[in-house]
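# Sequence first, then the predicted structure, then my questions.
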Amino acid sequence: HDGSHLCGASAPRPLQPQIGWTRGARAEEDSHTCEGDSRPTPPWPPRKQLRAGAGSVLAGGVCPYPRRAEAFREPFQEYLPSEEEKAWNPGASAPWGELLEPQQHVQGWADPDLTPNGQAEVRRAARLLLERGYKPEVIYTSRLKRAVRSTWILLKEMNLMFRPVRKEYQLNERMYGALTGMSKSQIALTFGEDLVQQWRRSLDVRPPALDERHPHWPGKERKYRDLPKDKIPKTESLRDTMNRAVPLYKEDIEQDLKAGKNVLVVAHYNSLRGLVKHIDSIDTENIKSIEIPTGIPLVFEFDEKMEPIRSNFSKGAISGSYLAPPEVTIAALEAERKLSMEVPGFNESPLVTPLLRAISSLHREREFVLPESPDGAISTSGVPVVAGMGMEEGRGEQHDNQKEIGIEGPLLIIMRHGKTEYNKLGLFTGWEDCPLSKEGREEATKAGNLLNEYGVQIDQVHTSCLSRAIETAWIAMERMNVLWVPIRKTWRLNERMYGSLTGLSKKLISQIHGEAQFKKWRRGFDERPPPVDAFSPHYPGNDPRYVETIKDMPISPWQTLIRSLEARKLLISRRMPRTESLKDCMARTIPYFKSDILKKSLSKEQKNTLVVSSENAIRGLLMELCDVSTEDITSVEIPTGLPMLFDPKTRSIRLLDDGKGGDPLKRYNFGSKPELLFKNGEVFVGKSTSSKTDADDSVTAQKPEEEEVEQAQPALVQ
């Protein structure tokens, strides 16, 4: 109904009947039918059938459709004059011009962030992708903040935060040279409308070059320090932009497509125009009329020869098809504002899946969109916007304070994810993918602010595949203004697998099995909890994120046989952990740490590295790094959302002084023997530049989780 023909490896349950949706989908046949609805077909295409030889892995099976590349342009950025913006555009005397029309100025390689309105556009785009059943397996984006944040929002809304993301400068927007930051009206007045149109539309005409003394010269930014100077453009034509974007497409994106993977590209107007010109072999004259609207997915499908498949809904020279017309998206933004007032708390409900939330939102939006005004115009003047062009100043990028920290060599920062609702309620979490709580997001924000305050510059991030760790890293990176830094996500940094205890109350387990057994399961070194059943929803082998991504575990013949018989086709199943002790957890985390973090990131590449993971994975790392014995490790606790710096000289950890005073070992819970981690009585490194003094914060201690959930547990036990 309304175009929601969804694809999967098995038939899912119908959606909630009160929303009025039913569907049928079976993996063994190309059956995508919807019954019980006579509403008109929407103006976007149904999915085409596979031509021989092509396929892509979706939901653990082979999807009978062509390879797909989804192109997505980041939304427009809107600006209002503000104190923050004065540093970027101080006035008419500035060489790049005055901000005469805040919403109409040239960005190029300047790095503004998304506005709330732009973020809403991206969330709607995620719903459109979810509704049509698209599940990208590889994501490419630029190094510019507006594209990276668009990517983050898409992945979070689609519950695909674990997917790999490549941030490549080749997908950056076109470099507009000396026009960067100038208002478009001022450019037209200065140079004439004809010349401006040549710069904007011509394939080969370049704007005036950007002087290296210009505040927006990208050679000053750390995100491009890995590039030779001749790779950083001073000005570009559309052809120049193509010449850096198309090789990335040929060498990497096209290879992923040939491997049967669905690819999502989140980029900019001109870099996407260059890719579209290459994919559809558009000539020089026709490319001038090609427009790429913001915030609407453009889907290309390819046959086995990597030729684009033109659909009945393709328009003009482009063979791809948009998932919604631009006017519908504009109307949907206004509808979303109304929905936020009509359905309070719906988006936050943990019982609503991303797919159900997406389809329900679209369904309700269409009810608002259908009775449009005659001219189709919907005002968005009431949507709040924020300002800032995002030069890497004032947020840690241009600071060089690491000498004050006193740790030689590249930094290793280890941080447990922020607090989750499971942590607050005292539940065993393990591999269960629960999101951060409000307190957890605040902890991650404070951690990022503290690292930024000390001018810590990270070059590489390693996280688990769990969303609580990924989001903690995202928030900290946002506060440090390093959204462009690459993130490596691996299951080897996942929390310990708690087996059949997953999702159960710690207090309840202690009451049933006794305190001694509870402590062995929770804090013992080689004690495993009871294993979870292989067909339990808590078993990783039933989670598509692990079924699709884990290829370095041994094959389970028994599960392969059972699952293949049930599916009536061969399904290779891996022997994933059904339970783990801390020793088992270390057996996967320590080899990864030594090979990929210690040997590669820290020693060979000399990169400052941030590791964001869960408590037991970090306990195992610190047991190795700080020489903690198997007997003593039971006394170690790891506080949530606190950055810890490893000092290789003393083989101990250090904290950054936040200037709040008090004993940090009393404020934070490191267990009964914190001296195992803080040796020689040294706790802090460096000296904070903060002038904050908060008496309440200085005496507020982070309680152990057992104490924190005392009030919540009676209700759970009952």
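That came through, no problem.
# all contacts plus neighbour counts: C-alpha atoms, from now on.
Will do.
# Find the residue ranges of this structure scoring beneath the pLDDT cut-off.
Applying pLDDT under 70 to the chain picks out residues 1-67, 72, 75-104, 326, 329-404, 686-718.
# how does it look with 50?
Scanning the chain for pLDDT under 50 picks out 1-65, 76-103, 333, 340-352, 367-389, 391, 393-401, 403, 688-700, 709-718.
# What does the residue of the chain most remote from its centre show for phi and psi?
Most distant from the centre of the chain: residue 192, at 41.8 Å, with distances by C-alpha atoms, centre = their mean. When read as degrees, to the nearest 10, the backbone of residue 192 gives phi 90, psi 140.
# separation between it and residue 184?
11 Å (C-alpha to C-alpha, to the nearest Å).
# how about the strands of the stretch 501-650 of the chain, start to end?
In the stretch 501-650 of the chain, the segments counted as strands under DSSP state E, counting those that start in this stretch are 609-613, 644-647.
# all helices for the stretch 201-350 of the chain, in order.
Shown for the stretch 201-350 of the chain, the helices assigned by DSSP state H, counting those that start in this stretch span residues 238-248, 254-258, 269-280, 326-342.
# Now do the second one: distance to the chain's middle.
Going by C-alpha atoms, centre = their mean, to the nearest Å, the spacing between the C-alpha centre of helix 254-258 and its chain's C-alpha centre is 22 Å.
# contacts for that helix?
67, 68, 69, 138, 262, 263, 304, 306 (C-alpha atoms under 8 Å, 6 or more residues apart in numbering).
# Ramachandran angles for the last one?
What that stands for is residue 306. As for residue 306, its main-chain torsions (degrees, to the nearest 10) stand at phi 60, psi 30.
# Look up how far residue 247 lies from it.
Per C-alpha to C-alpha, residue 306 is found 16 Å from residue 247.
# Looking at these two, which one has more neighbours?
Set side by side, residue 306 and residue 247 show more neighbours around residue 306, with 17 against 14, by other C-alpha atoms under 10 Å.
# For the longest strand seen in the chain, name the packing helices and strands.
Criterion DSSP state E: the longest strand present in the chain is strand 67-73. Helices and strands in packing contact with strand 67-73 are listed as helix 254-258, strand 263-267, helix 269-280, strand 298-302; criterion 3 or more C-alpha pairs under 8 Å, 6 or more residues apart in numbering; DSSP states H and E.
# Show residues contacting the second one.
Which is strand 263-267. By C-alpha under 8 Å, 6+ apart, strand 263-267 touches 68-74, 136-142, 147-148, 150-151, 171-173, 253, 256-257.
# and the two most separated of the contacts of helix 254-258?
138 and 304 (18.8 Å; C-alpha to C-alpha).
# what about residue 681, how many neighbours?
9.
# quick one: the closest residue to it other than its chain neighbours from residue 669, how far?
Leaving aside its chain neighbours, residue 681 sits nearest to residue 675 (7.3 Å; criterion: C-alpha to C-alpha, 6 or more residues apart in numbering). Residue 675 sits at a distance of 12 Å from residue 669 (criterion: C-alpha to C-alpha).
# Which residues are in contact with the nearest residue to residue 551 once chain neighbours are set aside?
Sequence neighbours aside, residue 574 is the residue nearest to residue 551 in space, at 7.9 Å (criterion: C-alpha to C-alpha, 6+ apart). By C-alpha under 8 Å, 6+ apart, the contact set of residue 574 is 541, 547, 551, 553, 554, 555, 556, 559, 560.
# Mind jotting down where the helices sit in the stretch 501-650 of the chain?
Counting by DSSP H, counting those that start in this stretch, one finds helices in the stretch 501-650 of the chain at the ranges 506-513, 515-523, 544-549, 557-567, 582-592, 615-625.
# Single out the most deeply packed of those helices.
helix 615-625 (a mean of 21; mean count of other C-alpha atoms under 10 Å).
# And the contacts of that helix?
Helix 615-625 is contacted by residues 414-416, 493-496, 582-583, 585-586, 589-590, 593, 628-629, 633, 636-638, 651-652, 677 when judged by C-alpha under 8 Å, 6+ apart.
# Residue 568: which of the strands of the stretch 501-650 of the chain is closest?
Smallest distance to residue 568 across the strands of the stretch 501-650 of the chain (C-alpha to C-alpha): 38.1 Å, for strand 609-613.
# Could you give me the buried positions within that closest one?
Neighbour-count burial for strand 609-613, with 16 or more other C-alpha atoms under 10 Å as criterion, is recorded at 609, 610, 611, 612, 613.
# Kindly report the same for stretch 293-309.
Buried residues in stretch 293-309, counting neighbours by 16+ other C-alpha under 10 Å, are found at 293-304, 306, 308-309.
# For the contacts of residue 574, work out which two are farthest apart.
Greatest spacing in the contacts of residue 574, by C-alpha to C-alpha: 551 and 559 (15.4 Å).
# Identify the residues contacting stretch 144-161?
Stretch 144-161 has contacts (C-alpha under 8 Å, 6+ apart) with 73-75, 109-114, 119, 122-123, 125-127, 130, 141-142, 163, 167, 172, 266-268, 354-355, 465, 467, 470, 483-484.
# cutoff 7 Å now
By C-alpha atoms under 7 Å, 6 or more residues apart in numbering, the residues outside stretch 144-161 that reach it are 74, 111-114, 122-123, 126, 130, 141-142, 172, 266-267, 354, 467, 483-484.
# Does the residue nearest the centre of the chain lie in a helix or a strand, and which?
The centre of the chain sits closest to residue 152, judged by C-alpha atoms, centre = their mean, with a distance of 3.3 Å. Secondary structure assignment for residue 152, by DSSP states H and E: helix 145-157.
# ok, residue 425 to residue 418 distance?
Residue 425 is 14 Å from residue 418, where distance means C-alpha to C-alpha.
# typo on my end, it should be residue 609
As for residue 609, its distance to residue 418 is 18 Å (criterion: C-alpha to C-alpha).
# What of residue 221?
29 Å.
# Settle it for me: which of these two has more neighbours?
Taking neighbours as other C-alpha under 10 Å, residue 221 and residue 418 compare with residue 418 leading, 30 against 14.
# got a list of what that one touches?
Residues in contact with residue 418 (C-alpha under 7 Å, 6+ apart) are 436, 440, 441, 443, 444, 472, 640, 641.
# The first one - nearest residue in space that isn't next to it in sequence?
When you say that, I think you mean residue 436. residue 420 (4.4 Å).
# mind listing what's buried in stretch 220-228?
In stretch 220-228, counting by 16+ other C-alpha under 10 Å, buried: 220, 222, 223, 224.
# still on that earlier bit, tell me if I'm right that the residue nearest to residue 436 and residue 433 touch.
No. Taking contacts as C-alpha atoms under 7 Å, residue 420 lies outside contact range of residue 433: 10.0 Å.
# Please identify which of those two sits among more neighbours.
Neighbours were counted for residue 420 and for residue 433 using other C-alpha under 10 Å; residue 420 has more, 22 against 15.
# distance of residue 604 from residue 486?
Distance from residue 604 to residue 486, by C-alpha to C-alpha: 17 Å.
# likewise residue 457?
Residue 457 is 13 Å from residue 486, where distance means C-alpha to C-alpha.
# quick one, which of those two is more surrounded?
Ranked by neighbour count (other C-alpha under 10 Å), residue 457 and residue 486 place residue 457 first, with 24 against 18.
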